[in-house]
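1. sequence unknown, structure follows:
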């Protein structure tokens, strides 16, 4: 209700402001013998008005003298056009000049009416409508409508508007024409957001990838990082799990450091962390740009691994437009291995006991087997622990309400969003609220002010048990074990009960809020054309309150009479509560200058930026609560297990940034930039660093010798080189730190000891990356086909690390971290786009692929290390393990083969290669088997979209290659701990004398001593292709909607992660190393409505 009132007040105010400004816009002009064209340009520079007219109707070369001071704009125009017959009318911020052209009555055969719109069906205001080879013409009104008298029913009319391709249309008597103008890519240069400003895409000399709000809206993602996958070349985005509110990992051009090397995120000019980036309401995003090369150097010590720039939506001139969207999704796991039922479990168990040498017919071994009666019972009675613990479907919802509008004086965009995700088991409840208000105000012709207010609140409630642990507890349970007793109580199977852990172990609750206010000033410096000053101030206050309440639960064994024979209690009451409160402030002062002298265009940028943050954490815990009805710290028991803690946090940075751009006639392009950065994390003598960059471009398409290629829109080659930094290395390592250690006895009293944290390093500084990029951009047939290609090379040096591995164990101390490591990265990127229109059918095909590979040049390792354990010369994350040769086919073969100490493999066990031929299997038989890891070297995407009349369709295929996954634990072993269940794939294709070509080893349990080794046997090809997103929508005709006051109504159905082609045995292709003890990624079927009025 409050948001509605605010929007109503703004809309009324803006409507009034538009009318008032049209009457009160004051102009001062004192010219002698100047052309009408020059005077109109002067009026445009002093106001927000633009003029639209037909050159044949208005004589721009006519010279007049005008002298007015602070006069109404209408009075000025009357003087300029006195005695000419030129009339003028105002449509919003547009002034349309026209004349009464008298056409002989006999030539006026018919009247033509119609409407001119753009590809989005929005009216084109001020378009020129003219009969071909005639003098009759008019312009469209504020609704895009026009009426024109033409000479005959065979006449052709020419429709044109700046920035659009002109169209020649045949008139149709008695029919209203609808003309759709297409953008002219030669005239409308795409503007791209870069660091501390914007640039025309054709003039870019760096490697920058972008996506628009249209592409973003198609994903319906709950967090921002997940929408990047497959859409931007060079960006690696993978979701390790599907837990509500969990984002994807993001890398740009692969890994270039073995330390934490995060991507830098900047939202509307302010640097934020990844958590804040993920929490942005995607309906508020206008576009996203990714700086991948030296173009990121303006962000200095935090730019080594790329920069992602987010620009949120702002107000547009016009009446208030309200938009409401809702999305309802139903989620299920994309893939998760099916577990054995009771019969499969019991028969496989018996087979395993036989393989282990036990005999079911031997009375001393019979108790190890399930007997015939138990086997038959298992056919009909089986406990589905997975189905009992987890839901088949979960619901997620998204709602968003926004209003957009404004006048020449003030523009606004306001949005309120709500997200709710229930999760795939009871007890999970994730909610997020987003609020944004972006307001732009024009104070006068020199000063603009913008105020941005942003708020985010989220709450995550979940059971006390961690999600990974809950999935593990489910896998640990035998399907032969009961879940409940006859009276509904939890059955005691001797260990943790998954359903009880979910429902009765307590809860964890996390509440976060983040509020941001930004105030900006844009000032045109008087009397210095092209000089502007900008000031931006941001204040953020955030809080995080986490509460964890552990409560005990009971498991029961009942006697024959139904009474409790035994009660087992798991856990004891424990409450932990922690609160973090922090704030940060950013101040950015910018001076820009733009100058054009004939064919020379120059621009300069000088920025001072300062950031400081303070925060503190305070927490406490208590145990042994006498009752669980009060979950507050004061209600805890009086014991020695209560504790409290607190941690302060502080950070600060300063930077001086400069950039100079030059181009000559749009052909020869150059950019030079630097950042001089200081960080509080380092010693005062090592605190400052200099990060320069240079980039050059050559638009061959603008050269005279290329003009013979008439269908060539753009051909540009570009190159860049720069030094970037990474300060995410842990602060204050230049100081000796101390902590409390174990107590010692002095005078018969315990005294806390203080322990040194190690040797400090005053020379510690940031990691640095030298990056080189060469690229080619090409476009033909007015955007019909566009290609962007890049090759790059990065050398990261001064990587932080210790040299402890090479020190003898007798050294007796921990060496400090130092800057010594070196990693090189090379790769390429390719993006191809095709857009076309055939009648009413419009389609788009876009594909991208990127490859990057790193190589460690210098990193510490132990003397005498095995070759596979030496990191130098290898990729980070390379796979070194045993080499599997398959499965033994006979006991004799296994007995004659080298084996691990303490093992005796037999037929059906894994056979390993004895690489050093010493007759023993040990660590010396490992080798590097793959340069790949969980992180793919190759990422690719295929984006398809089409529209026909009111229908629209979009699909995104996304994939990864040069990747692998090492399975382990429950994913590779049977009957872990003697009773655990197992994935059905291990059962369905396990080795038996009748299935010698099996994929998996023979039945064994528990814990086979050699089959579970990390080896090529369990190394899975991690390449995949998946249908990431698909959507089909329909927009109701505007003619129908206009009757009820609605501008746009669209309904749609779609889905994400609908299917994949991969090599994983029952797991999602984006799964990381390990087993099934993780929260699986989700497949979502969704439907929704978008309405604008």
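-> Yep, that arrived. What you are looking at is a predicted structure, and each value in this text was computed from that prediction instead of being measured.

2. pLDDT below threshold where in the stretch 51-200 of the chain?
-> 54-56, 89-93, 99-109, 134-136, 162-163, 184-189 (pLDDT under 70).

3. quick one: the strands in the stretch 451-600 of the chain?
-> For the stretch 451-600 of the chain, the strands defined by DSSP state E, counting those that start in this stretch occupy 506-524, 531-550, 553-558, 564-570, 574-597, 600-623.

4. what does the stretch 801-950 of the chain give?
-> Going by DSSP E, counting those that start in this stretch, the stretch 801-950 of the chain shows strands at 818-838, 841-858, 879-881, 884-887, 899-900, 910-912, 920-921, 927-930, 938-948.

5. With mean pLDDT, mean neighbour count and distance to residue 971 added, can I get the ones you listed in a markdown table?
-> To be clear about C-beta, it is placed using only N, CA and C from the backbone, and glycine gets the same treatment. Compiled in a markdown table, these are given as follows (pLDDT from 0 to 100; neighbours: other CB atoms under 10 Å; distance: least, CB to CB, whole Å):
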| stretch | mean pLDDT | mean neighbour count | distance to residue 971 |
| --- | --- | --- | --- |
| strand 818-838 | 95 | 17 | 31 |
| strand 841-858 | 96 | 18 | 27 |
| strand 879-881 | 97 | 20 | 15 |
| strand 884-887 | 97 | 17 | 15 |
| strand 899-900 | 94 | 18 | 21 |
| strand 910-912 | 97 | 23 | 15 |
| strand 920-921 | 96 | 18 | 22 |
| strand 927-930 | 96 | 17 | 18 |
| strand 938-948 | 96 | 19 | 25 |
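
6. Make JSON lines out of those and add distance to residue 517.
-> Compiled in JSON lines, those are given as follows (distance: least, CB to CB, whole Å):
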{"stretch": "strand 818-838", "distance to residue 517": "37"}
{"stretch": "strand 841-858", "distance to residue 517": "37"}
{"stretch": "strand 879-881", "distance to residue 517": "49"}
{"stretch": "strand 884-887", "distance to residue 517": "60"}
{"stretch": "strand 899-900", "distance to residue 517": "63"}
{"stretch": "strand 910-912", "distance to residue 517": "61"}
{"stretch": "strand 920-921", "distance to residue 517": "64"}
{"stretch": "strand 927-930", "distance to residue 517": "50"}
{"stretch": "strand 938-948", "distance to residue 517": "36"}
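
7. To residue 277, which of the ones you listed lies closest?
-> strand 938-948 (19.2 Å; CB to CB).

8. among the strands of the stretch 801-950 of the chain, which is nearest residue 669?
-> Of all those, strand 818-838 comes closest under CB to CB, at 19.9 Å.

9. and that closest one, how far out from the chain's middle?
-> 17 Å (CA atoms, centre = their mean, to the nearest Å).

10. what does stretch 489-504 give?
-> Centre to centre, stretch against its chain (CA atoms, centre = their mean), the figure for stretch 489-504 is 38 Å.

11. buried residues in that stretch?
-> 489-493, 496-502, 504 (16 or more other CB atoms under 10 Å).

12. now do the same end-to-end measure for that stretch.
-> Taking CA to CA, to the nearest Å as the measure, stretch 489-504 stretches 12 Å from start to finish.

13. what does stretch 1009-1017 give?
-> End-to-end for stretch 1009-1017, by CA to CA: 15 Å.

14. average pLDDT across that stretch?
-> For stretch 1009-1017, the mean pLDDT works out to 92.

15. hmm, back to that, the strands of the stretch 451-600 of the chain: which one's closest to residue 704?
-> Of the strands of the stretch 451-600 of the chain, the one closest to residue 704 (CB to CB) turns out to be strand 600-623, at 18.3 Å.

16. Tell me who's in contact with residue 754.
-> 738-741 (CB atoms under 8 Å, 6 or more residues apart in numbering).

17. Dump those to JSON lines, plus secondary structure, distance to residue 347 and pLDDT.
-> Listed next are the contacts of residue 754 as JSON lines, based on DSSP: H, G, I helix; E, B strand; the rest coil; distance: CB to CB, whole Å; pLDDT from 0 to 100:
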{"residue": "738", "secondary structure": "strand", "distance to residue 347": "61", "pLDDT": "78"}
{"residue": "739", "secondary structure": "strand", "distance to residue 347": "55", "pLDDT": "79"}
{"residue": "740", "secondary structure": "strand", "distance to residue 347": "57", "pLDDT": "78"}
{"residue": "741", "secondary structure": "strand", "distance to residue 347": "55", "pLDDT": "79"}
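
18. And those, which of them are buried?
-> For those, buried by 16+ other CB under 10 Å: none.

19. Dump those residues to TSV, plus distance to residue 622.
-> Output for the contacts of residue 754, formatted as TSV (distance: CB to CB, whole Å):
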residue	distance to residue 622
738	28
739	23
740	21
741	24
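
20. Quick one: closest of the strands of the stretch 801-950 of the chain to residue 231.
-> strand 938-948 (5.9 Å).

21. next structured bit after that closest one?
-> strand 951-961 (DSSP states H and E).

22. who does whichever helix or strand comes after that following strand touch, helix- and strand-wise?
-> For strand 951-961, the succeeding helix or strand toward the C-terminus, using DSSP H and E, is strand 964-966. Counting contacts by 3 or more CB pairs under 8 Å, 6 or more residues apart in numbering; DSSP states H and E, strand 964-966 is packed against strand 879-881, strand 1019-1021.

23. Nearest to residue 610, out of these?
-> strand 879-881 (45.1 Å).

24. What lies in contact with the closest one?
-> 868-869, 926-933, 964, 966, 1013-1016, 1019.

25. What's the per-residue pLDDT of residue 1043 here?
-> 81.

26. can I assume residue 211 is in contact with residue 288?
-> Yes - here residue 211 reaches residue 288: they are 5.2 Å apart, a contact under CB atoms under 8 Å.

27. Tell me the spacing between the nearest residue to residue 1015 once chain neighbours are set aside and residue 192.
-> In this structure, residue 1015 finds its nearest non-sequential neighbour in residue 882, 3.9 Å apart by CB to CB, 6 or more residues apart in numbering. Applying CB to CB, to the nearest Å, the value for residue 882 to residue 192 is 50 Å.

28. the more surrounded of these two?
-> Between residue 882 and residue 192, counting by other CB atoms under 10 Å, residue 882 is the more crowded of the two (25 against 22).
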